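S.K.: one predicted model, sequence on top.
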Amino acid sequence: MFAEQLINGITLGSIYAIVALGYTLVFGVLDIINMAHGEIFMFGAFIGMVIVTKMNAPLAAAFAGAVLVTAALGYLLERVALRPLRGRTGVSHLAPLISTIGVSILLENLAHHIFGAGNQLFETPFAEIRFTIGSTTVYLVQVVILAVSVVLMGGLSLWLARTRSGKGLRATAESLETAELLGVDTKRIITATVVIASAMGGIAGVLVGMAFNYINNQIGLSMGLKGLAIIIFGGMGSVAGAMAGGLILGLSETFVVAYGSSGYRDAIAFLTIIVVLLLRPQGLFGRAAPEARR
Amino acid sequence: MAVDWLNPYHLQVASFVLINTLLGVSIYVTLATGQLSLGNAGFMSIGAYTTAILTTRHGFPMPAGIVAGSVVAALAGIAVGIPSLRLTGVYLAIATLGFGEVVRVVFVNWESLTGGAVGIAAIPQMGRELLASLRDAGFAPESIGLRGNQFISLSVFLILFASTLCAIGFFFRLGSSRVGRAYAAVRMDERAAEAAGIDTTYYKVLAFTQGAMLSGFAGALFAHATSYISPADFTYHRAVEILVFAVFGGSEHLLGPVFGAMLLTALPELLRSVSDYRYIVYGILLIAMMVFRPQGLIDPPLVNRLAGKKAAGGGSRDAA
């Protein structure tokens, strides 16, 4: 029982971590909270659902389709709602927050019109395959989710640490002007960041479909708010914080449901936001001084 | 009949326009100090639930319930506002968004008090109560040519109209008072305001509390206008809707959110075919406004031009 809950918690937590990474990458580079990330994630889930359930295509095709569509959405988001606001004088720092809220309700209601309201079944071909080790049951789906998450997080960390473009991204996050002076093509880095973050959201969408077996057009909102809670908890713009925060939230939600009341599961994330902001506004792994955080 | 044009449905739409106007003003008041609160749907639900519970379970008269709802929402505003002082900009927006969601989850789960996801029904409706007490006093609406349901809708509309007018009047006067000027100073530059001797902490909490109280007031009126509330009335979408009123109409002048709330509530009702796409239009509006006119449709220079005022001391001075 305990071991199974632990595995459930880690599975859920690694999905949360991937969603939160999408937020943290964009925040790190642009100092913007992308309120549309949850809805981009939801589109990934729906595209995956259509490919797997309606077209009976293999899971890999679902990942590919979701990545393509969400990357395109990310590109559009950057061109339509973020770039026009950048570098203009007299634009409030709240402007990108509001414009991405606009994108989020636009996408949520587009999904409503395209894919319909209510829960949609997400049929993973191997949903019933499971192993029993001792008294612990592990589903193959959980193994796949964990493997995809580990590969994705490892790949992202390596890319950020080792490659030229990853270093460019970190330099841009440190200081946009300095990076530009040093010859980094910041415009391209910014576009790439939003596109990569969105594609990661798309992958997370497919993973959520696999984990829960159903999706609806509200998952973007609830997952988006949880992602926000995690990056605030882990520290805005911190990659390690997003991963750790995601795991902690996934585990605590699973154990609250298992040993407490399921009704308050969704409140944990928001209570976390409020408590962390009040006690340690920079988050677990945060670095910026509170004064600089506007 | 001479008053057949008095359609209860149109009056109901007009009543929602007024409630949304109050909500639009409530986000404007907090924004007047540069703080963006996305928790006004939460404060609204606190006001609505307070009066619903007091009037249906504890026999409170309706006006007392509405006052209690506003006061409890204001207390919640103080409780959220003081710790949120250390947060600025997007952090405050997200913390208040989190607050709104926590309130909603609590209302869904605290079934013994709130009826859970089903909500509270049979809340005294203000028009019906008024008619009942007038009937007791020997008055019949037919004597002035109104049917019963016309009278009910009309009285709801008139009560809301008077309340909205009072609220707008109050905040309009506040804008040019000591408090309003302090708000504007805090909004423009908090440090400069502090250096000028303005107690920024006090005014920020005051603005936050006023916004919360007005949301709670609007929520309490909403409960007594519809006589049924549930947590679904106070979701994230409500918070976004309130934000759209201020962003579209204009967040730098009191008339902005008033205009925004009126237009955006009335239009989808008038164009039924559009109302399915209401939130799609809202989304596009938010993006387009941020790109093309971040201050909203109505801003102080426009108001001055419409009012025919010239900037004092020659036209060249910037009316900031």
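M.R.: Structure received.

S.K.: which residues of the stretch 201-320 of chain B lie near chain A?
M.R.: Proximity of the stretch 201-320 of chain B to chain A, by Cβ under 8 Å from any Cβ of the partner chain, involves residues B:236-237, B:240, B:243, B:247, B:276-277, B:279-280, B:282-287, B:289-291, B:294. Quick note: C-beta positions are derived from backbone N, CA and C, even for glycine.

S.K.: try it again with 6 Å
M.R.: Residues of the stretch 201-320 of chain B lying close to chain A by Cβ under 6 Å from any Cβ of the partner chain are B:Tyr236, B:Val240, B:Val247, B:Tyr279, B:Ile280, B:Tyr282, B:Gly283, B:Leu286, B:Ile287, B:Met290, B:Val291, B:Pro294.

S.K.: buried stuff in the one helix or strand the fourth one maps to?
M.R.: B:Tyr279 belongs to helix B:278-292 when elements are defined using DSSP states H and E. When neighbours are counted by 16 or more other Cβ atoms under 10 Å in any protein chain shown, the buried residues of helix B:278-292 are found to be B:278-291.

S.K.: got it, and stretch A:249-264?
M.R.: For stretch A:249-264, burial by neighbour count (16+ other Cβ under 10 Å) applies to A:Leu249, A:Gly250, A:Leu251, A:Ser252, A:Glu253, A:Thr254, A:Val257, A:Gly263, A:Tyr264.

S.K.: what comes into contact with that stretch?
M.R.: Stretch A:249-264 is contacted by residues A:Gln5, A:Asn8, A:Gly9, A:Leu12, A:Gly13, A:Tyr16, A:Ile230, A:Arg265, A:Ile268, B:Asn109 when judged by Cβ atoms under 6 Å, 6 or more residues apart in numbering or on different chains.

S.K.: which one of the residues you listed is nearest to B:Ala14?
M.R.: Proximity of the contacts of stretch A:249-264 to B:Ala14 (Cβ to Cβ) peaks at B:Asn109, which lies at 35.0 Å.

S.K.: what about the closest one, how many neighbours?
M.R.: By the criterion of other Cβ atoms under 10 Å in any protein chain shown, B:Asn109 has 18 neighbours.

S.K.: all helices for the stretch 1-150 of chain B, in order.
M.R.: Taking DSSP state H, counting those that start in this stretch to define them, one finds helices in the stretch 1-150 of chain B at B:8-31, B:40-57, B:62-81, B:89-109, B:111-114, B:126-136, B:148-175.

S.K.: A:Ser222 versus the residue lying closest to A:Ile232 once chain neighbours are set aside, what's the distance?
M.R.: Leaving out its chain neighbours, the residue that sits closest to A:Ile232 by Cβ to Cβ, 6 or more residues apart in numbering or on different chains is A:Ile273, at 5.2 Å. Note on A:Ile273: its distance to A:Ser222, by Cβ to Cβ, to the nearest Å, is 14 Å.

S.K.: for A:Glu123, list the residues it contacts.
M.R.: Residues in contact with A:Glu123, defined by Cβ under 6 Å, 6+ apart, are A:Thr53.

S.K.: if I've got this straight, it is in a helix?
M.R.: No. According to DSSP: H, G, I helix; E, B strand; the rest coil, A:Glu123 belongs to no helix; its state is coil.
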